[in-house]
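Participant: Here is a sequence with its predicted model. Questions after.
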Amino acid sequence: MANPVTTGTTYKGEFAGKYISAALLSASTLDKGLITVMPNVKHKAVLQVASYNDIVKDATCDFQTSAGTLTLTETVIEPQEYQVNVQLCKKDLHATWQAAEMGFSAHDNLPASFEDFVIAYTAEKVAAKIESNIWSGQIGTAGEFDGFYYLATAGGSGCVAVTGTGSTAANVIDEMGKVVDAIPQAVYGKEDVHIYVAPNVARNYIRALGGFVATIGGAGVENKGTTWFNGQGLSYDGIPVVVAQGLPASSMMAAQKSNLFFGTGLLNDANEVRLLDMSSLDGSMNVRVIMRFTAAVQMGINSDVVIYA
């Protein structure tokens, strides 16, 4: 009988970065580039925004020291530390992994590519949690950081607030219009402005454009009903409409993606990915996956963000 094989692979710091990246950046919002990623925040970073006030003046022969004011606004993004501890039984993997690769011993040797398989499996679960946290997470709940929805709806956030209601195909066009109308003049028309909507809002919008409301009637866009939509991009008044999987039902946000930040430390020494075969330690058939990483989100200029809640 073959002796059990012990796998004790550990990745630390920047060497763990590629695995952490696969786990975090495959979250839908990040994978699609819908917000700005800051990948190398060691501990905290300052988001410094500069704005000028009335710098163009009538020409004179003199240098005008009062010809404009530079205002610097600072916001801090401080990624928090998180960990993942997952235990898998090798017996349960027989159905999803080729049994021949695991050997014929009762102790099941780990195949050479098993590490990538298990880490990818874990990364998928981490990505789903990160997607939820980005939009609706809240510090105080285990494994969560404050998401954009919480930051924008918190008292004194300074965001432009629009009072919302339950989304339906009958009201979604009018309600989305309220969000667009609330976008600050200085932001409206910027090429990276997006309307971020909860999944149910997107579904209702597609149905509305398919003719399921009195204002459109008939069979909707090109008389195709809802078959007009086959996954192409959505827009409202020329502004891209994107699904934010983590947003609470019926909620929406409008912002420049360059004003929404996700911070993590892919090169941080605190990062860790470890795979442990427990067979030689406690005689079990278990494999443990351990991950450590940092993550957080922050807005640059809150007054440029519209929240429909």
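Facilitator: On my side now, so go ahead.
Participant: domain ranges for this protein?
Facilitator: 8-21+74-148+265-300, 165-250 (automatic domain parsing).
Participant: what's the burial count for Leu47?
Facilitator: 18 (other CB atoms under 10 Å). Yep, even glycine has a C-beta here, placed from its N, CA and C like the rest.
Participant: show me where the stretch 51-200 of the chain has helices.
Facilitator: For the stretch 51-200 of the chain, the helices defined by DSSP state H, counting those that start in this stretch occupy 114-136, 148-153, 172-182, 199-209.
Participant: Off-centre distance for the longest one?
Facilitator: It stands for helix 114-136. Centroid displacement of helix 114-136 relative to its chain, using CA atoms, centre = their mean, to the nearest Å, is 12 Å.
Participant: Point out the other elements, helices or strands, that it touches.
Facilitator: Helix 114-136 sits against helix 13-24, helix 28-31, strand 80-89, helix 148-153, strand 272-277, strand 286-299, with contacts defined as 3 or more CB pairs under 8 Å, 6 or more residues apart in numbering; DSSP states H and E.
Participant: That one to strand 272-277, inter-axis angle?
Facilitator: 140 degrees (axes from the mean of the first three to the mean of the last three CA atoms, to 10 degrees).
Participant: Mean confidence (pLDDT) on helix 114-136, please.
Facilitator: In this model, helix 114-136 carries a mean pLDDT of 82.
Participant: Pull out the buried residues from that helix.
Facilitator: Buried residues in helix 114-136, counted by 16 or more other CB atoms under 10 Å: 114-115, 118-119, 122-123, 126-127, 129-136.
Participant: now the last one
Facilitator: For helix 199-209, a neighbour-count test (16+ other CB under 10 Å) marks 200-209 as buried.
Participant: got the contact list for Thr168?
Facilitator: Asn204 (CB atoms under 8 Å, 6 or more residues apart in numbering).
Participant: I'd like the distance between Asp62 and Val56.
Facilitator: For Asp62, the distance to Val56 equals 16 Å [CB to CB, to the nearest Å].
Participant: Over to Ala45?
Facilitator: 32 Å.
Participant: So if I had to pick from these two, which one is more boxed in?
Facilitator: Ala45 (19 against 7).
Participant: how much space between the more buried one and Thr264?
Facilitator: 11 Å.
Participant: Please identify every residue contacting each of the two.
Facilitator: In contact with both Ala45 and Thr264: Met38, using CB under 8 Å, 6+ apart.
Participant: coming back round to it: which of the domains of the chain sits closest to Ser157?
Facilitator: Nearest of those to Ser157, taken as CB to CB: domain 8-21+74-148+265-300 at 8.4 Å.
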